[in-house]
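A.B. asks: The following block contains a protein sequence and its predicted model.
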Amino acid sequence: EDIRRRFFPAAPANDPSLEWIQATAEDEEEPPTTVRFDLTGTPIPAKLSAALPTHLGLHHHAEGSHAGYTLEDIFLLSRSTVPAQRATMFGVLAKIAHKLSRISGDPRQGLPELAGQEVGLRKRMIAAGVEAMGERASVGARAIELLWECTAQWDEEAMSAEGAELKDVDRGDALSTISLEFVLPQISNVLAVADMPQETLVHLLEILLRLALHSNQDAVAIVSTKDLVASVFRAFLVTPIPPTEHDPLPNPRALDLIRILAQSSRENAKALMDPTESLLRYITTHLSESPFPPSLTIQLLVGTLKLYGTLASYGFYAHVTTTAQEYFAKLSVYVRSAECQSSGLRSAWLEALGTWMICARDPHRTTPSHDILWSQVVGWGWIEDVLETRLQLKQSDASIWADLWIAAAAFVEGAKVNGIKSGEDERAIVITAIKDGFSSGVESRVVAAAVEGARDALAKLTSGLRQAILPGDVPALRELAAHARVLA
């Protein structure tokens, strides 16, 4: 009737020649289980679907009068020969995927209508996105958005869980269906050409990050893909300095990706040493002289220090302590000052110092050997810097205290091997500095709080009858891990 009034206003209501636009009884009796979506990926209630007017653009199908798109409609139209139609449908699928991934966490934010179908639909969406991600313009961009929703965004909470392979929590092995031999060269090519919107390039970065976290095997595949790591550096890290208003700023998430790739295997770490040379730009530029916003400058500095620490854990790249000693000395002064308000920077700096001191303990274990010497550690006054940092810490800085204690322990162990009389004087310096704190000062309160916090976290995990770790246990596990690290 709406079509008749709009396009055939002069025709009578029951004109036989317009019979083709009338809904049939078969059309009206759509199965109640069929879910239809609007262009925002929102389900349309069945009663509303039958009543919506046609000018909204949701009556695309010839077989019925119900407004909206079924999932089969959307998948079919995503393979249309019309690029605009394909792009629109990929966008709708991305919005549905976003809602679908929230079913297990909060049904109110998810799609309860599709409960139980998440795994199968996720695999179909991944396949659709992978197939079209190499397309140009909006089709490729929306396909990449869909793949991003089905990977990085789907497991958003798990993305912060480093040091574990996420394949064990991949329900239905959905990500294992991704052909890395096809996807990774595609990503490398898109990043190299860089003709997609910056948002799309960032989506690709997040997809790589999720794949790197999935398994060590996937991380090795990423590093082994021709030109992929180089493309990541060019697109997200080695950006123009000073930047113009048209240039993208460096992205700290790329540093997270490179660090996770290095953590996955010694071979990966070795392969990443050469491109890491370009990151000295974030060390040699003083904070007050950085061309980037202060918060971004700190993030880039933190990410670079964490990467150096990861490489040093294999005995690699310790020579940077000599190459950039002048700049590290200035950084140490800043970290030990009240001006430094970044807990992340203090933590990353102490963590790097601790790892470098472990390298210096036995210089024959570094690659190349004697990359850093114990005499340098002593001469640079690192232990004095570590102990002085205590003066800037509060009880609430538990994670930084842990990094500080680890660094101090690394120095004591190194002095035992390299110092006179097994490092008696060095041990005395450390003990004198910390013994009062552990007796009745801040250190004692930090330890007591960690013990109490660990008990509370364990109580949450052991309450009730359970046979496995559930998704809802993740916050308590993270809490327990943080307290355990302090105590260890």
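C.D. replies: That came through fine.
A.B. asks: Alpha carbons of the host helix or strand of residue 327, as CSV, please.
C.D. replies: Assigned by DSSP states H and E, residue 327 belongs to helix 325-335. Only the C-alpha atoms of helix 325-335 are listed here, as CSV (Å, rounded to 0.1, in the frame of the first residue of the first chain):
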residue,chain,number,x,y,z
GLN,A,325,74.5,5.6,27.5
GLU,A,326,74.4,9.4,27.5
TYR,A,327,70.6,9.4,26.8
PHE,A,328,69.9,6.6,29.3
ALA,A,329,71.7,8.6,32.0
LYS,A,330,69.4,11.5,31.3
LEU,A,331,66.4,9.2,31.3
SER,A,332,67.5,7.8,34.7
VAL,A,333,67.6,11.3,36.2
TYR,A,334,64.1,11.9,35.0
VAL,A,335,62.7,8.6,36.2
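A.B. asks: what sits up against that helix?
C.D. replies: The contact list for helix 325-335 (CB atoms under 8 Å, 6 or more residues apart in numbering) reads 283-284, 286-287, 301, 321, 340, 345-346, 349, 380, 385, 389. Every residue, glycine included, has its C-beta placed from N, CA and C.
A.B. asks: Which of those residues fall within helices?
C.D. replies: With helices taken from DSSP state H, the overlap with those comprises 283-284, 301, 321, 345-346, 349, 385, 389.
A.B. asks: What subset of these is buried?
C.D. replies: Those of these that meet the buried threshold are 283, 301, 321, 345-346, 349, 385, 389, by 16 or more other CB atoms under 10 Å.
A.B. asks: Now the residue nearest to residue 40 when sequence neighbours are not counted: which helix or strand?
C.D. replies: When the adjacent residues along the chain are set aside, residue 40 lies closest to residue 95, with 5.8 Å between them (CB to CB, 6 or more residues apart in numbering). Residue 95 is part of helix 83-100 when elements are defined by DSSP H and E.
A.B. asks: That helix: which residues count as buried?
C.D. replies: For helix 83-100, the buried set under the neighbour-count rule, 16+ other CB under 10 Å, comprises 86-100.
A.B. asks: same thing with stretch 217-235?
C.D. replies: Residues of stretch 217-235 classed as buried by neighbour count (16+ other CB under 10 Å): 218-223, 225, 228-229, 231-235.
A.B. asks: For the residue nearest to residue 232 when sequence neighbours are not counted, give its distance to residue 276.
C.D. replies: The spatially closest residue to residue 232, leaving aside those adjacent along the chain, is residue 254, at 5.7 Å (CB to CB, 6+ apart). Separation of residue 254 from residue 276 (CB to CB, to the nearest Å) stands at 12 Å.
A.B. asks: picking up where we left off before, is the residue nearest to residue 232 in contact with residue 236, as I believe?
C.D. replies: Yes: with contact defined as CB atoms under 8 Å, residue 254 reaches residue 236; the gap is 3.6 Å.
A.B. asks: who touches both of those two?
C.D. replies: Applying CB under 8 Å, 6+ apart, one finds that residue 254 and residue 236 are jointly contacted by residue 205.
A.B. asks: for the protein, what helix or strand is lowest in average pLDDT?
C.D. replies: Of the helices and strands making up the chain, the lowest-confidence element is helix 25-28, at a mean of 45, by mean pLDDT, DSSP states H and E.
A.B. asks: just checking, next helix/strand downstream of that one?
C.D. replies: Once helix 25-28 ends, the next helix or strand along the chain (criterion: DSSP H and E) is strand 36-37.
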